[in-house]
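Visitor: How does the following fold in three dimensions:
(2 chains)
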2 protein chains.
Amino acid sequence: MILLVDMDNTIADFEGRFIDVWQERYPDIPHIPREERKHFYQTKDYPSEHNQKIISVITSPGFFCDLKPVPGAIEALHRMKALGHDVFLCTSSFFNYPQCVSCKYQWVSSHLGQRWQSKVIITADKTLVKGDFLIDDRPELKGNFKPSWEYILYDQPYNRQTTQWRRLTWNNWEKVLLNGHGHLDG
Amino acid sequence: MILLVDMDNTIADFEGRFIDVWQERYPDIPHIPREERKHFYQTKDYPSEHNQKIISVITSPGFFCDLKPVPGAIEALHRMKALGHDVFLCTSSFFNYPQCVSCKYQWVSSHLGQRWQSKVIITADKTLVKGDFLIDDRPELKGNFKPSWEYILYDQPYNRQTTQWRRLTWNNWEKVLLNGHGHLDG
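Guide: Next comes the predicted model:
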């Protein structure tokens, strides 16, 4: 099978790094705790007066290079590969912040190994990429074409109102992908 | 239609920049003129003693930012879009040279406009990307999956021995894409 896996907040802990940098920069402005986040974009959860601060945090030097892996993600990716699947990291980028895309390659090289860099696909429209599954944290499926994959939500507090798709975490992914799709080693 | 278009030596003049930097750096070592190139990779056309020099040219700061457009390419891309097609720039990257990928976004923003950045797809395997045509200068179709697109060679001296696919330039692209595929405004 072809497994497409998103990066930010699916395998790379964007949220954790955001909170860390926010607390360093704005110690007097309380951050929204991880479990209380309601929207995909931080700018929709924080009062709008903080929009520029949010952007300045996300575009701070090395922000995307320094994300920690989501617990269990690295092991899950290696396991998918070991089971014989074609695994691709399918991610979009903040286009007006050129360092973001370079960081993504560096991150993959550091946490998964240099050869995984060739498995990165950067695209604003994931519906153009062929696959059996796309695992992603974004509550709404974004894209202009009919996807070939089943959309699977990577469970996050801000996507829990969405019931349209199956969801998984790195604790139960193997069971979820297997359900209704035969044996994973297909 | 979905039109996928490669970047290096298809819309961005990698070859011309390579020759310019080579002549600046190695004025005493003759470069291979554009029309005498026989292989896709420079390293296969130059004596192997020059391999490191070739890599140092390609990885010089800003190399991919400074490519000139291939004549006619920018007009062709705008025309494709104006005809109502979905145009994507489908390109791979030199993974161990992080600046390459940032430069590609900068290049697109400078030469096509900021909004075209969302049309860039970076992937080592283009057979995963859905499309009607892929226009590319690489003599061999590279990738592990069955493509949905027809491969169309962008004519370059080093791919002229290949007769397997139709070929075009930015002078005749509209006629070639139309041939055997009905009206381009399809």
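Visitor: what residues does chain A put near chain B?
Guide: A:2, A:86, A:88, A:93, A:95-96, A:98-99, A:101-102, A:105-106, A:109, A:114, A:117-125, A:128-131, A:144-145, A:148 (Cβ under 8 Å from any Cβ of the partner chain). To be clear about C-beta, it is placed using only N, CA and C from the backbone, and glycine gets the same treatment.
Visitor: Let's see the PyMOL selection covering just the buried ones among these.
Guide: Selecting only the buried entries of these in PyMOL, with 16 or more other Cβ atoms under 10 Å in any protein chain shown as the criterion:
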select buried, chain A and resi 2+86+88+93+95+98+99+101+102+105+106+109+117+118+119+120+121+122+123+124+125+128+129+130+131+148
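Visitor: Filter the residues of chain A next to chain B down to the ones in strands?
Guide: Cross-referencing these against strands under DSSP state E gives A:2, A:86, A:88, A:120-122.
Visitor: Tell me the pLDDT of the closest residue to A:Gly62 other than its chain neighbours.
Guide: In this structure, A:Gly62 finds its nearest non-sequential neighbour in A:Cys103, 6.8 Å apart by Cβ to Cβ, 6 or more residues apart in numbering or on different chains. What the model reports as pLDDT for A:Cys103 is 93.
Visitor: didn't A:Cys103 look like it was pressed against A:Phe64?
Guide: Yes: counting by Cβ atoms under 8 Å, A:Cys103 touches A:Phe64, with 3.6 Å between them.
Visitor: more neighbours, the two?
Guide: A:Phe64 (25 against 22; other Cβ atoms under 10 Å in any protein chain shown).
Visitor: which residues touch the more buried one?
Guide: A:8, A:12, A:14, A:99-100, A:103-104, A:107 (Cβ atoms under 8 Å, 6 or more residues apart in numbering or on different chains).
Visitor: Where does pLDDT dip in chain A?
Guide: A:180-186 (pLDDT under 70).
Visitor: try it again with 50
Guide: A:182, A:185-186 (pLDDT under 50).
Visitor: ranges for the helices of it?
Guide: For chain A, the helices defined by DSSP state H occupy A:14-25, A:42-45, A:51-58, A:73-82, A:99-112, A:173-178.
Visitor: List the buried residues for the third one?
Guide: The neighbour-count criterion (16+ other Cβ under 10 Å) identifies A:53-54, A:57-58 as the buried residues of helix A:51-58.
Visitor: Distance check, the residue of chain A most remote from its centre against A:Lys53.
Guide: Within chain A, the residue lying farthest from the chain centre (Cα atoms, centre = their mean) is A:Asp28, at 28.7 Å. Per Cβ to Cβ, to the nearest Å, A:Asp28 is found 12 Å from A:Lys53.
Visitor: and A:Glu141, how many neighbours does it have?
Guide: I think there's a mix-up here, since residue A:141 is Leu and not Glu. 16.
Visitor: Hmm, I typed the wrong one, I wanted A:Phe18.
Guide: By other Cβ under 10 Å, the residues close to A:Phe18 number 22.
Visitor: who touches the nearest residue to it once chain neighbours are set aside in this structure?
Guide: Nearest residue to A:Phe18 in three dimensions, chain neighbours excluded: A:Val57, at 6.0 Å (Cβ to Cβ, 6+ apart). The neighbours of A:Val57, taking Cβ under 8 Å, 6+ apart as the test, are A:18, A:21-22, A:25, A:63.
Visitor: which ones are touching A:Val176?
Guide: Going by Cβ under 8 Å, 6+ apart, A:Val176 touches A:152, A:166-168.
Visitor: Among those residues, name the ones in strands.
Guide: Judged by DSSP E, those include A:152, A:166-168 as members of strands.
Visitor: any chance of those residues in a markdown table, with neighbour count too?
Guide: As requested, the ones in strands among the contacts of A:Val176 are exported to a markdown table (neighbours: other Cβ atoms under 10 Å in any protein chain shown):
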| residue | neighbour count |
| --- | --- |
| A:Ile152 | 20 |
| A:Arg166 | 14 |
| A:Arg167 | 18 |
| A:Leu168 | 19 |
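Visitor: now, which of those sits nearest B:Asp45?
Guide: A:Ile152 (46.3 Å; Cβ to Cβ).
Visitor: which residue sits closest to the closest one, ignoring its sequence neighbours?
Guide: A:Ile152 sits nearest to A:Ile135 (Cβ to Cβ, 6+ apart), 4.9 Å away.
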